[in-house]
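1. sequence unknown, structure follows:
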Ligand SMILES: Cc1cc2nc3c(=O)[nH]c(=O)nc-3n(C[C@H](O)[C@H](O)[C@H](O)COP(=O)(O)OP(=O)(O)OC[C@H]3O[C@@H](n4cnc5c(N)ncnc54)[C@H](O)[C@@H]3O)c2cc1C
Ligand code: SF4
Ligand code: FES
């Protein structure tokens, strides 16, 4: 195996992914010291193993993976590790990461669960673009090396895991729940919705909260207050749902046409380009802008 | 220590619904979940929710279909609760804004599904679970219910009386994945387990990587009996390379299965002369494998599912998601070619024994959703019956835990209920996977308070001592120097289960599996966590999960060996008939000093106003 460490190549994007401040150093406990020693021994052993690289033939995938752990001395400086795993037909980036972790380095850390593009856990920066690891076929990537980094513009917790709190906060800021003026009296009574209206909101309801769009957005990167494409799309989902009624729609429009809302969007389409669920995000934002103008609300 | 009235473990459909119900009944509720709620596997459900909503349909018919589908291993009081309350719960979801597919006149659409006598599967495209999960989570946000996401529950805080039925659950121990801290959660009124499936016991499964049977294993080790574990559902249409599911909705809409000779084998092979592709899942899975075993499989592995004749409009309208799945995960364009499919592990019909309110025999401990066995699915779950189960039993358990129900259950729980001793069927010595030097019993058990802490009498003390036990275990795992990687143990386990405890079951193979599981247990004694970090240590989490998989795999195999008949999903080569005289009973397992103790309890076939007489199950 090979886990060669090399100095991180500093590009603009990477600089953004570094944590802004060093974590508070705590006095090392005996356990911490022991763990640090253990980590060192582990690293030595790995280096020794690296010398005898197994023959993987021509069909091997080379992964370059971002590593960082604030707690372990050997990993506190961000770096890239290289892994080579055997290629199999149909292999996804997530499969390759799992293989690398299970075979070579069990400390390699990333989120995953469904492996079928529905849970939104594994949005990653693969070869310079936000993608779901499980949805990305290695065979579809260009170049010989698959470069995997955490989502840019988010704080890195460890290796490929980013802090999602800010994303969740923005989602919650748009009151992401159904609210109606009237609810049916009878527990078996439906609120009717035309198939056309359902069709209109259909794409917006597909969001899996992966955070890829937010990470790709230059405006969100420069402005922490901006609601961002996912939250605005969530607002769209409810604002356009005819069952909520006119009063509620008015309230929703007020929410999203505030200072941090739709007017910040500069129509760069980066969110739309990366969304793994093909949600026409920019279009939804534009439509809300038009609605806002139509309903003659405040203009920032 | 954090304190609430009701603590819900897991935030998939079952957990979310339970939390909402408990909160509405006045309880102070917290949810503790290892994944953020919207990442739960309920989001992967495709086909739909069964509910008798329309004129011409009736919940009694739904109950009948479900009992028949279960091959008469379902308990009628639970099945009737499911089918009677599903319409109300389904419309509740609609009222919360769930984006169901709609008919021209604006009402929610329904479609046919396997084993149903009426097209009562209510759906939202081919992504029903995604919409249901998000809709419920939205309601949790709206109500301000506290959610601890990325907190991994490792142990239940249960008192240590000899008889499980005398024990009480006072809370849970959880590990904050981001910070690496272990904390106690005290529940004044109840703990509701909603930890979902256990598909990771197999290597070809439709389940998420996080579906590791944690709840089942924790409850089992705390002394709660587990029921019908051998009843594993294999879904007939999963993509061969990954196990990703192609919804039954495809066959519901008219999709056809072909073998390598281009025969529509469900009819032509005589597997299901009436219902063909829409026979129940066990029937279709066996048919496919028989075709493959008889040399009529494609590449000796799979069959074809064709939906091209449905036409692009209908496919895009109702099954669009399937096109994406086939394209992304198999590189097949479902509009142009048939899709390759084969059976894969899909659902656990068995689980933690509960009554029709989700209550277990341990005071204050509940289980709902896929980790529970109330038993609504018996030996075979009908497609579209798990989602209503989450809603109905989630709501029931939530209300009950919050003290809002005063009702004498008809389903009994625990060993002292009408039970019958079983013979130990294990050909290999069984035993616990312990972590030797870290102290016996409680450490690896994750169960009742250990002997040396038996002095902990009050509720806080029970939680505290459970926290201590977990701190020691985690410390031990992190400090241990040399050893085996959990991934090795896990993959050995998954391979033997897929090889030996699959759709077709034989005594010899089941015994081989037990032997392998036993070996994997021994390997697990030497497991070590290489990652020394406290920050987001997935190495540690997966190591603990693997322990749970071992217990669950053993239970499935012991159950499969014990049940020498053919019922529903459980097929035995040497016993190809249903034996109602002997086997109208549930397989029960209890944690017995680390070995599974085997016993049985009768099936409840008496419903509200009728008894479901076993009939020949033909489709
Ligand atoms: C691909 C697929 C398609 C399906 N389609 C349908 C369908 O169309 N219709 C239908 O009726 N059924 C369907 N099913 C079945 C149904 O979706 C599942 O049975 C159901 O969603 C399970 O829900 P749950 O709430 O019990 O568990 P999950 O949704 O899996 O949630 C489990 C929760 O528990 C948490 N958790 C687990 N362990 C721990 C722990 N140790 N500590 C803390 N938290 C923990 C997880 O974080 C998660 O939040 C399908 C299943 C699959 C796999
Ligand atoms: S809108 Fe798309 S990219 Fe953004 S969070 Fe949702 S699914 Fe991900
Ligand atoms: S693992 Fe769920 S989206 Fe990729």
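-> Looks like it arrived, so ask away. As the structure is a computational prediction, the values presented were derived from the model and not from experiment. Numbers count the residues shown, from 1 in each chain, chains lettered A, B, ... in the order given. Ligands and ions are numbered 1, 2, ... in the order given.
2. On the three-state scheme, residue B:395 is what?
-> Three-state call for residue B:395 (DSSP: H, G, I helix; E, B strand; the rest coil): helix.
3. Now for the nearest residue to it once chain neighbours are set aside: which residues touch it?
-> In space, and not counting its chain neighbours, residue B:395 is closest to residue B:21: 4.3 Å by CB to CB, 6 or more residues apart in numbering or on different chains. The C-beta positions use only the backbone N, C-alpha and C, and glycine is treated the same way. By CB atoms under 8 Å, 6 or more residues apart in numbering or on different chains, the contact list for residue B:21 reads B:394-399, B:402.
4. how about a cut-off of 10 Å?
-> B:6, B:8, B:27, B:29, B:192, B:391, B:394-402, B:404 (CB atoms under 10 Å, 6 or more residues apart in numbering or on different chains).
5. which pair in those residues spans the largest distance?
-> For these, the farthest-apart pair by CB to CB is B:27 and B:391; their separation is 18.4 Å.
6. Would you agree residue B:565 is in contact with residue B:72?
-> No. Checked against CB atoms under 10 Å, the pair residue B:565 and residue B:72 is beyond contact range at 11.7 Å.
7. between the two, who's got more neighbours?
-> Neighbour count, other CB atoms under 10 Å in any protein chain shown: between residue B:565 and residue B:72, residue B:72 has more, with 23 against 17.
8. Nearest residue to that one in space, ignoring adjacent ones along the chain?
-> Using CB to CB, 6+ apart and skipping the chain neighbours, the partner closest in space to residue B:72 is residue B:614 (4.2 Å).
9. Report how many residues lie close to the one you found.
-> Residue B:614: 15 neighbours (other CB under 10 Å).
10. Ramachandran angles for the residue nearest to residue B:57 when sequence neighbours are not counted?
-> Spatial nearest neighbour of residue B:57, chain neighbours left out: residue B:118 (4.5 Å); criterion: CB to CB, 6+ apart. The phi/psi pair for residue B:118 (degrees, to the nearest 10) reads phi -150, psi 140.
11. which residues does residue B:118 contact?
-> B:50, B:52-54, B:56-58, B:61-62, B:65, B:110, B:112.
12. Would you mind writing the PyMOL command to select the buried ones in the residues you listed?
-> Buried residues among the contacts of residue B:118 (16 or more other CB atoms under 10 Å in any protein chain shown), as a PyMOL selection:
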select buried, chain B and resi 50+52+53+57+61+62+65+110+112
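13. Looking at the contacts of residue B:118, which are in strands?
-> Using DSSP state E, the members of those that fall in strands are B:50, B:110.
14. Widest-spaced pair of the contacts of residue B:118?
-> Every pair of the contacts of residue B:118 checked by CB to CB; the farthest is B:58 and B:112, at 16.4 Å.
15. Can you name the next helix or strand after the helix or strand that the residue nearest to residue B:395 is a member of?
-> Residue B:21 is part of helix B:13-24 when elements are defined by DSSP states H and E. Per DSSP H and E, the first helix or strand lying C-terminal to helix B:13-24 is strand B:29-33.
16. what are the pairing partners of that next one, and which direction each?
-> Using DSSP bridges, strand B:29-33 pairs in its sheet with strand B:2-9 (parallel), strand B:146-149 (parallel).
17. any idea which of those is most buried?
-> Mean neighbours per residue, mean count of other CB atoms under 10 Å in any protein chain shown, is largest over these for strand B:2-9, with a mean of 25.
18. one step back: the residue nearest to residue B:72 and residue B:76, how far apart?
-> Distance of residue B:614 to residue B:76, computed by CB to CB, to the nearest Å: 12 Å.
19. where does chain B have low pLDDT?
-> Chain B contains residues with pLDDT under 70 at B:431-456.
20. In the top strand by length along it, which residues are buried?
-> Ranked by residue count and defined by DSSP E, the top strand of chain B is strand B:181-193. Residues B:182-187, B:189-193 are the ones in strand B:181-193 that count as buried (16+ other CB under 10 Å).
21. for these, which one is nearest ligand 1?
-> Among the buried residues of strand B:181-193, residue B:193 lies closest to ligand 1 (CB to the nearest ligand atom), at 8.6 Å.
22. what about the closest one, distance to ligand 3?
-> The gap separating residue B:193 from ligand 3 is 23 Å, by CB to the nearest ligand atom, to the nearest Å.
23. Same question for residue A:133.
-> With distances taken as CB to the nearest ligand atom, residue A:133 is found 6 Å from ligand 3.
24. Contacts only, for that residue.
-> Counted by CB under 10 Å, 6+ apart, residue A:133 has contacts A:92-98, A:110-112, A:115, A:117, A:121-124, A:126, A:148, A:160.
25. Check those one by one and keep those near ligand 3.
-> By CB under 6 Å from any ligand atom, the members of the contacts of residue A:133 lying near ligand 3 are A:112, A:115, A:117, A:121-122.
26. which one of the residues you listed sits closest to residue B:347?
-> For these, the nearest to residue B:347 is residue A:115 (17.4 Å; CB to CB).
27. thought the closest one was touching residue B:208?
-> Yes. With contact defined as CB under 10 Å, residue A:115 reaches residue B:208; the gap is 7.1 Å.
28. Helix, strand or coil: sort out the closest residue to ligand 2 within the stretch 251-400 of chain B for me.
-> Minimum separation of the stretch 251-400 of chain B from ligand 2 (CB to the nearest ligand atom) falls at residue B:324, amounting to 12.9 Å. Three-state assignment for residue B:324 (three-state DSSP): helix.
29. Identify the residue nearest it in space, chain neighbours excluded?
-> Spatial nearest neighbour of residue B:324, chain neighbours left out: residue A:117 (7.6 Å); criterion: CB to CB, 6+ apart.
30. cool, and residue A:76?
-> In space, residue A:76 is closest to residue A:70, 5.9 Å off (CB to CB, 6+ apart).
31. in stretch A:127-141, what's buried?
-> By neighbour count on 16+ other CB under 10 Å, the buried set for stretch A:127-141 is A:127, A:130-136, A:138, A:141.
32. Just put the residues you listed in a markdown table and tack on secondary structure and pLDDT.
-> A markdown table is the format used below for these (DSSP: H, G, I helix; E, B strand; the rest coil; pLDDT from 0 to 100):
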| residue | secondary structure | pLDDT |
| --- | --- | --- |
| A:127 | coil | 98 |
| A:130 | strand | 98 |
| A:131 | strand | 98 |
| A:132 | strand | 98 |
| A:133 | helix | 98 |
| A:134 | helix | 96 |
| A:135 | helix | 95 |
| A:136 | coil | 96 |
| A:138 | helix | 95 |
| A:141 | coil | 95 |
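33. and which of these is nearest to ligand 3?
-> Sorting the buried residues of stretch A:127-141 by distance to ligand 3 puts residue A:134 at the head of the list, at 3.3 Å, by CB to the nearest ligand atom.
34. show me what contacts that closest one?
-> Counting by CB under 10 Å, 6+ apart, residue A:134 touches A:92-95, A:97-98, A:112-119, A:121-122, A:124, A:276, B:209, B:242, B:244, B:328-329.
35. Many thanks, have a good one.
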